[in-house]
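Peer 1: fold the following.
(chains A and B)
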Amino acid sequence: MALKIVKGSIDRMFDKNLQDLVRGIRNHKEDEAKYISTCIDEIKQELKQDNIAVKANAVCKLTYLQMLGYDVSWAAFNIVEVMSSSKFTYKRIGYLAASQCFHESTDVIMLTTNQIRKDLSSPNQYDTGVALTGLSCFVTPDLARDLANDIMTLMSHTKPYIRKKAVLIMYKVFLKYPESLRPAFPRLKEKLEDPDPGVQSAAVNVICELARRNPKNYLSLAPLFFKLMTSSTNNWVLIKIIKLFGALTPLEPRLGKKLIEPLTNLIHSTSAMSLLYECVNTVIAVLISLSSGMPNHSASIQLCVQKLRILIEDSDQNLKYLGLLAMSKILKTHPKSVQSHKDLILQCLDDKDESIRLRALDLLYGMVSKKNLMEIVKKLMLHVDKAEGTTYRDELLTKIIDICSQSNYQYITNFEWYISILVELTRLEGTRHGHLIASQMLDVAIRVKAIRVFAVAQMATLLDNAHLMTGNVQRKGICEVLYAAAWICGEFSEHLDNPMQTLEAMLRPKVATLPGHIQAVYVQNAAKLFATVLKNQEGNTEGTAAQETSQLMIDRLPLFVQSANLEVQERASCILQLVKYIQKLQQKDVEVAEEVIALFAGELNPVAPKAQKKVPIPEGLDLDAWINEPPSESESEDEQPKAIFAKEETKHSRPRHTEVDEKELARRREVRKQEQASNPFYIKASPSSQKVYQEAPGVDHIPVVQIDLSVPLKVPGLPMSDQYVKLEEERRQKDRADKKKKEKKKRKEKRSGRGKKHDSGPESEEDITPAHMVDIVTEEMPENALPSDDDDKDPNDPHKALDIDLDKPLADSEKLPVRSHRAAEPLKSPAEDGDAESAASQEPKKKSSKEKREKKKDKDRDRKKSKDEKKKKKHRHEEKGEDLLGSQADEPVVQSEETSEVAAPPASNTAEVSDLDFWLSNAPVPSNTQEAATLPAAVAAPVPETPSGTAPDSEPDEPKDTEPEETDKKSSKHKKKKQKKEKKEEKEKKKKKKHHHHHRHSDGGAEESVQNGTVEEEEEEPLPPMSNYCLLAENSYIKMMMEDADQENDIQGNLQDGSQVVVSVIFENKCDSFLKSMEFNVLDSLNSKLQRAEGSGPHDGLTVPFQLPPVVSNEARFVFTVQSIVMPQKLKGTLTFIVKNEDSSTHEKLDFKLHFTCSSYLITTPCYSDAFAKLLESGDLKCSSVKLEGVIMPFHHLLARICFHHHFSVVERVDSCASMYSRSIQGHHVCLLVKTVSEPVKLEISYNQLLCLKKKKKKKKSVLSDCDLDFSLSVPLPPSLFRQ
Amino acid sequence: MIKSILIFNNHGKPRLIRFYQYFAEEMQQQIIRETFHLVSKRDDNVCNFLEGGSLIGGSDDKLIYRHYATLYFVFCVDSSESELGILDLIQVFVETLDKCFENVCELDLIFHMDKVHYILQEVVMGGMVLETNMNEIVAQVELQNRMEKSEVAVQQPALKSHICEFAWRSVGGPRSRRLCREEHEPARDSPQHQHRRHQYQSAEPLPVLNGHPR
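Peer 2: Alright, predicted model coming up:
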């Protein structure tokens, strides 16, 4: 062994370390891959050695190789080995390697759980730190679940170094294991006020990250963050908080109002640019959220814009960039305030930095006007020419089009200019946006009638020069423009100067290289052109020219007939046949031009996208009806392939001539016209027909602008857009001069001529008249395609799972899994959850409560009978005050209490909001408690639905009753001793059991400091003893007692495994024989089933796991699965056992009935009064009430009994009135208001609960003496609705 | 959240990579290449933000980088981080490196990638900023190194120590230009430098504000 170690050490002497590896790689530049592969072989050898140092060294080298792109996952197990080294040095190497290459599908990760847990609890803080850091990179859902509790414990570590790491990693844990969020949140919240700034910052970080994704759940933290914001001096923290507020304000505009002032102050005071910038950003967010409601924030906007201007003017490019970024946010809601900085933004367009130019471009969109559009676009065109790199150029191109076409070409005054801009843009190389330009061309040409002549000329030129676009493969994108060009030339061919030339251009062989859909348009429009040409030629010259044209078509079209593209082929062959036929007619000297033209007659008008939808269905048309009955399936299967084949054949062999006589043609044409006339889809140009089709929107209300065209429509040569700028200037000047001369006339003209559309421009632009008639349908805007609103969250977004309501009290089941020795540990108290939650606010409360109590005693008397509801509200505020202000003495608390009476806003639906309401309302503070006190007291009595908050000095967080108090204590004990051995636990339990038989009051007395004052104030009789065991069955041998009331041992719901109930039964051996082989069996009902051992049938008994010596009792637990908890259950069962004497043994059996009352499904759950109030306000509760008469029992006894036997906890109590709360194991809330109406005879109990709780009980004198309330829960709503 | 941290040199050679979400090795290399391509063609006097986050995450992401001498430090972050804050964080990180390595240069990063990782781990954890106070970071790094040193000393005093001295000095090679100081910048202790350090994130305490919540 020793030899081996020495050998290992010697080997190690010659091992490469990381530096050697790096040096080696640097020295083998030529054959790096080869060198590395030998290194990997060496590493593999090293990993096989036992020496951990060697292994660690190898793993370290692997980490380096991983960076170079080598997959090192094969060494995952070795990495785990190194991680588990006891030496920090190696551990660190291991964790580093793991963090670099482990991920969720690394299978060895599950081996690490225990190692990590060990490291987390290591006494050495750096072991813990390294484990946390590593874990943060490779945490999986399993690890998160298993370690969540350990990490949560670390959040309260003594060392801030560990605390901050633990806090940060919780975010990762939440992401992987969302169930941990609620249990861990109270502690996380607590860390917001950690004394160490690093921990505080970490907590802010995590909460901000959480809140960013699901802001609404964190709205209630706003006051706390507000406090932090106004008190913190750490800029990192401030930035995070301010960013968070930016996310919260859209949800709560009032928050925005509150924020404006401190943010403005920060903007003025801070010297940190980063903070200033974030403040401005959040103010902008606030202003956006307020933009509808609050008009008067121009000062704030001005401040923001002004600060941003400073940023933009800064020489620091970073600030400039951010300034522009923020500016674009303002632009959306307050474009006017940005427009005044146009100069600055235009300046940024010249910036050498592309990012800045792009930002400036974004801003331009909002600042164009009729006046400056040409100027701005001219500038952009210059940039287009200069731009390097296609991305920026493409960006410019889309921006130009966006800017020009926005709001229905609102800012374009001269469409000739726009067309020439578009034509110029086609000369861009390698742009992807050809289709964009094309659609613009089409749109403008169709919708602006006056521009068609010009557009057609331009398009003809484009077609002529088409080779420029098709030549280069790179320019593929731009050839889309030819689509538009061909269509425009064809459709509006009557405007062409030289249609013959264009026709030839469209039939060039080169065209065949264009994409299919463009060729198809070429072919179709060649036919249209052909028609026009024929018409011209027939009118002017002899038939020969026309025949030549036909010949041209016949010569060129076969090229397209051969096209591989179906569309092209089909159209081409169709047209070819047509032309051949025409040629035939021509040869007979028949004039055909008119007929050919008629093929393409009729104008295509723009149709609103929604028009189709609005067309009414003609009477008697049933679109679902079969036109022909469908053939049977088998038939069609057989015939389909044949049909295709046949078609193919006929296509080739079909005689190419189809002779249709003139009359027939004319007749068909007539029919078609009639059809068109009655066809709502076919929209006609003639005004008369338009009126007929008023259902189709968009067509009839087209604004038509009539302007005297002062600009010549034809510009010699290829017009450069620049010329138009000049021309436009001149025109405007002329206009202005005209206007001065004949103002009156002009005004008249304008009124009659200008479309209302154009009045929306800024006032200063009123006098700029468009140079062309604009014929625009609003819906037609191609850029108007708004992004769809369904911004649904990505289903894979891990944050979706974290959308969790954090204000709801923690449920029993929501505990972090704790490693325990016993799998079926039923002793987790629900109160424990509340522990952490209340811990934050408990301390200050304890301190202040006494003083408060003193102060308030006097008031109390006056108030006692004041309105119930009011008290409730008051109470909430009081509590909230404590939460927010923490230890800031009681002064503000009292104050808030006083003001709340008046200042509380009208009741809002959700309590959560109303909590904020108070904080957000800046209401005046007239403290007139007198008034409140004198309010009618009479209202108080008969309002059973609203369980009163009451007792201003009661402490809502402390369940009043002794029972839950004890639970609390127990659970904390358990927490501490979790790790201890089972035996001890068992003993403890027994001890506690004894307690139950004891006088409760002795317990309670010891805890009065934590308890609420009312208990001691009034002199109450000591509580009578209560037993929580009821007799199940008894015979001479054995006595079975079911533990009935103590939910800890009795019934423990387990939400995750469905609804499970644990029943404890005590078996007491009454005889002096030995009892053994006890078998417990229950006849299952549909609803409740005994959980038996695996593999056993439904009628097998369950062996009781012990034997009973004489006069000994022992307890056994049985688990039942319960489906529905709304009905009381009775289960019949038998216990069989063997009684063994010295001489003989007999088989015995004992029958019993297990009685599950509804209240045994309830779990004592402490509830804070505010949560209670929310619950009641939520409106989900139904209520009913019951009066019991003849209850002779002190009120506090009654409460104690209800608590004890029915598992309620007291939320609040005043005099002889108490609200109580409990939860069922399936998460239903049950609220109870108990009050004595006229003592001591009547007792009114009302249930207020989600599901309606019916009380069907016999009430006799004994009613409550044994507390025999029988509940049944009716009509359950799915509890899942309320759980989260 | 910080999505990833990349350090590569002027030729695109990775010096440190740290992804806070999983990518396969090939993907990581591709991200490095593309990021280098984006960043390297930018002048030194343009802004330090790039909206090319499509590599790693959604459109939400930004690349924030700084160029020091021969190295690029690139942080890919989402919108929850303050742009200027991250720039300052990079500065803090580099200055911390400078302190720990005593005049850090690229060679230090080349030969001590692991140490750089350990320092980074004290600054950023799991994609979230852990500590921004340089003294605190340096103190924690030093304490851990001391621990490491003591362990090594106890265990194998005779063996060649692959753990370097406390302040890691560079191994071999001529010392290139220091990282922390850019050429056009004044020496690090001049007032201008101080200014640069707290360029965006000045540490001045803020005056207490009015308008406390009641």
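
Peer 1: what mean pLDDT does stretch A:398-405 get?
Peer 2: Average pLDDT, stretch A:398-405: 86.

Peer 1: and if you look at stretch A:1104-1114?
Peer 2: Mean predicted confidence for stretch A:1104-1114 is 75.

Peer 1: which parts of it are buried?
Peer 2: A:1104, A:1107-1108, A:1114 (16 or more other C-beta atoms under 10 Å in any protein chain shown). Yep, even glycine has a C-beta here, placed from its N, CA and C like the rest.

Peer 1: possible to save the residues you listed as TSV with distance to chain B?
Peer 2: TSV is the format used below for the buried residues of stretch A:1104-1114 (distance: C-beta to the nearest C-beta, whole Å):
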residue	distance to chain B
A:Val1104	51
A:Gln1107	55
A:Leu1108	56
A:Asn1114	50
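
Peer 1: reformat those as JSON lines; add distance to A:Lys227.
Peer 2: Output for the buried residues of stretch A:1104-1114, formatted as JSON lines (distance: C-beta to C-beta, whole Å):
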{"residue": "A:Val1104", "distance to A:Lys227": "58"}
{"residue": "A:Gln1107", "distance to A:Lys227": "63"}
{"residue": "A:Leu1108", "distance to A:Lys227": "62"}
{"residue": "A:Asn1114", "distance to A:Lys227": "56"}
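
Peer 1: now, those residues that are in helices?
Peer 2: Using DSSP state H, no member of the buried residues of stretch A:1104-1114 sits in helices.

Peer 1: what helices or strands is the helix or strand where B:Arg15 lies leaning on?
Peer 2: Assigned by DSSP states H and E, B:Arg15 belongs to strand B:14-19. The helices and strands touching strand B:14-19, judged by 3 or more C-beta pairs under 8 Å, 6 or more residues apart in numbering or on different chains; DSSP states H and E, are helix A:52-67, strand B:2-9, helix B:25-40, helix B:106-111, helix B:113-123.

Peer 1: got a markdown table for these, with mean neighbour count, distance to A:Leu18 and mean pLDDT too?
Peer 2: Below are the helices and strands packed on strand B:14-19 laid out as a markdown table (neighbours: other C-beta atoms under 10 Å in any protein chain shown; distance: least, C-beta to C-beta, whole Å; pLDDT from 0 to 100):
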| stretch | mean neighbour count | distance to A:Leu18 | mean pLDDT |
| --- | --- | --- | --- |
| helix A:52-67 | 24 | 5 | 91 |
| strand B:2-9 | 23 | 16 | 92 |
| helix B:25-40 | 17 | 19 | 90 |
| helix B:106-111 | 23 | 7 | 90 |
| helix B:113-123 | 22 | 6 | 93 |
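
Peer 1: between these, which one is nearest to A:Pro186?
Peer 2: Nearest of these to A:Pro186, taken as C-beta to C-beta: strand B:2-9 at 27.4 Å.

Peer 1: got the angle between the closest one and strand B:14-19?
Peer 2: 170 degrees (axes from the mean of the first three to the mean of the last three C-alpha atoms, to 10 degrees).

Peer 1: and strand B:2-9, anywhere near chain A?
Peer 2: No - Strand B:2-9 does not reach chain A (C-beta under 8 Å from any C-beta of the partner chain); its nearest approach is 9.9 Å.

Peer 1: CA atoms only: put that strand into PDB for me.
Peer 2: The C-alpha trace of strand B:2-9 is given here as PDB (Å, rounded to 0.1, in the frame of the first residue of the first chain):
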ATOM      1  CA  ILE B   2     -26.600  37.000 -16.800                       C
ATOM      2  CA  LYS B   3     -26.900  34.300 -19.400                       C
ATOM      3  CA  SER B   4     -23.200  33.800 -20.100                       C
ATOM      4  CA  ILE B   5     -19.800  35.300 -19.700                       C
ATOM      5  CA  LEU B   6     -17.200  34.900 -22.400                       C
ATOM      6  CA  ILE B   7     -13.600  36.000 -22.400                       C
ATOM      7  CA  PHE B   8     -11.700  35.700 -25.600                       C
ATOM      8  CA  ASN B   9      -8.800  37.400 -27.200                       C
END
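
Peer 1: helices or strands up against that strand?
Peer 2: Packing contacts for strand B:2-9, counted by 3+ C-beta pairs under 8 Å, 6+ apart, involve strand B:14-19, helix B:25-40, strand B:71-77.

Peer 1: mind putting those in JSON lines, distance to B:Ile7 included?
Peer 2: As requested, these are exported to JSON lines (distance: least, C-beta to C-beta, whole Å):
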{"stretch": "strand B:14-19", "distance to B:Ile7": "4"}
{"stretch": "helix B:25-40", "distance to B:Ile7": "10"}
{"stretch": "strand B:71-77", "distance to B:Ile7": "5"}
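
Peer 1: separation between the single nearest residue of chain B relative to chain A and B:Ile5?
Peer 2: Nearest residue of chain B to chain A: B:Gly126, at 2.9 Å (C-beta to the nearest C-beta). Using C-beta to C-beta, to the nearest Å, one obtains 12 Å as the distance from B:Gly126 to B:Ile5.

Peer 1: by mean pLDDT, which helix or strand of chain B comes out lowest?
Peer 2: Between all helices and strands in chain B, the lowest mean by mean pLDDT, DSSP states H and E belongs to helix B:191-197, at a mean of 39.

Peer 1: low-confidence ranges in chain B?
Peer 2: Scanning chain B with the threshold set as pLDDT under 70 gives B:52-58, B:153-214.

Peer 1: 80 instead, please
Peer 2: Residue ranges of chain B with pLDDT under 80: B:51-60, B:152-214.

Peer 1: which strands and helices sit next to the lengthiest helix in it?
Peer 2: For chain B, the helix with the greatest residue count under DSSP H is helix B:134-155. Judged by 3+ C-beta pairs under 8 Å, 6+ apart, helix B:134-155 is in contact with helix A:88-101, helix A:125-138, helix B:83-101, helix B:113-123.

Peer 1: switch to 6 Å and redo it
Peer 2: In terms of contacts (3 or more C-beta pairs under 6 Å, 6 or more residues apart in numbering or on different chains; DSSP states H and E), helix B:134-155 is packed against helix A:88-101, helix B:83-101, helix B:113-123.

Peer 1: dump those to CSV, plus distance to B:Gln30.
Peer 2: As requested, these are exported to CSV (distance: least, C-beta to C-beta, whole Å):
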stretch, distance to B:Gln30
helix A:88-101, 17
helix B:83-101, 23
helix B:113-123, 20
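
Peer 1: most neighbours per residue, which of those?
Peer 2: Compared across those, helix A:88-101 shows the largest average neighbour count, a mean of 25 (mean count of other C-beta atoms under 10 Å in any protein chain shown).

Peer 1: what sits up against that one?
Peer 2: With C-beta atoms under 6 Å, 6 or more residues apart in numbering or on different chains as the test, helix A:88-101 has contacts from A:52, A:56, A:59-60, A:63, A:66, A:72-73, A:79, A:82-83, A:85, A:126, A:130, A:134, A:137-138, B:117, B:147-148, B:151.

Peer 1: helix, strand, or coil at A:Val1111?
Peer 2: Taken by DSSP: H, G, I helix; E, B strand; the rest coil, the conformation at A:Val1111 corresponds to coil.
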